[in-house]
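Novice: structure for this input, please:
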Amino acid sequence: MAYFTVCIPAYNREYTLKRCLDSLCNQTMKDFEVVFVDDGSTDNTKKLVEEYRKRLYIRYYYKKNKFGSFPYRHST
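Specialist: Below you'll find the model as predicted:
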């Protein structure tokens, strides 16, 4: 079991994820897992995450986005 978990929520963030995942690969402390929650991305987010699975322990979850990002973050 990993010592800690890094959670990354994303929606169409292929253009910024490489920097984030490279940073995780360069950490000296390697006892962690990455939980990646994809909120229905339509870009190549999943493909990019799959490439990093060779270097990081990643659990990938895909949730089809029904309404866009606004209702999920601003609902009661």
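Novice: how about low-confidence regions in the protein?
Specialist: Counting by pLDDT under 70, the ranges of the chain that qualify are 66-76.
Novice: could you look up the SS state of the most centrally placed residue in it?
Specialist: Nearest to the geometric centre of the chain sits residue 36, at 3.2 Å (CA atoms, centre = their mean). Of the three states, residue 36 takes strand under DSSP: H, G, I helix; E, B strand; the rest coil.
Novice: dump the longest helix that the chain contains to CSV, keeping only the CA atoms.
Specialist: For the chain, the longest helix by residue count, based on DSSP state H, is helix 14-25. C-alpha atoms of helix 14-25 as CSV (Å, rounded to 0.1, in the frame of the first residue of the first chain):
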residue,chain,number,x,y,z
GLU,A,14,-4.0,17.3,-21.8
TYR,A,15,-2.1,20.6,-22.3
THR,A,16,-1.2,21.0,-18.6
LEU,A,17,-0.9,17.4,-17.4
LYS,A,18,2.5,16.6,-18.8
ARG,A,19,4.1,19.1,-16.5
CYS,A,20,2.2,17.7,-13.5
LEU,A,21,3.0,14.1,-14.2
ASP,A,22,6.7,14.9,-15.0
SER,A,23,6.9,16.5,-11.6
LEU,A,24,5.5,13.4,-9.9
CYS,A,25,8.0,11.2,-11.8
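Novice: list the buried residues for it?
Specialist: By 16 or more other CB atoms under 10 Å, the buried positions in helix 14-25 come out as 14, 17, 20, 21, 24. Using the backbone N, CA and C atoms, a C-beta is placed for each residue, glycine as well.
Novice: what about the last one, distance to residue 51?
Specialist: In this structure, residue 24 lies at 13 Å from residue 51, with CB to CB, to the nearest Å as the measure.
Novice: identify the bridge partners of residue 38.
Specialist: Under DSSP bridges, the beta-bridge partners of residue 38 are residue 10, residue 62.
Novice: pretty sure it contacts residue 59?
Specialist: No: here residue 38 lies out of contact with residue 59, judged by CB atoms under 8 Å, at a distance of 11.4 Å.
Novice: who has more neighbours, the two?
Specialist: Taking neighbours as other CB atoms under 10 Å, residue 38 and residue 59 compare with residue 38 leading, 20 against 12.
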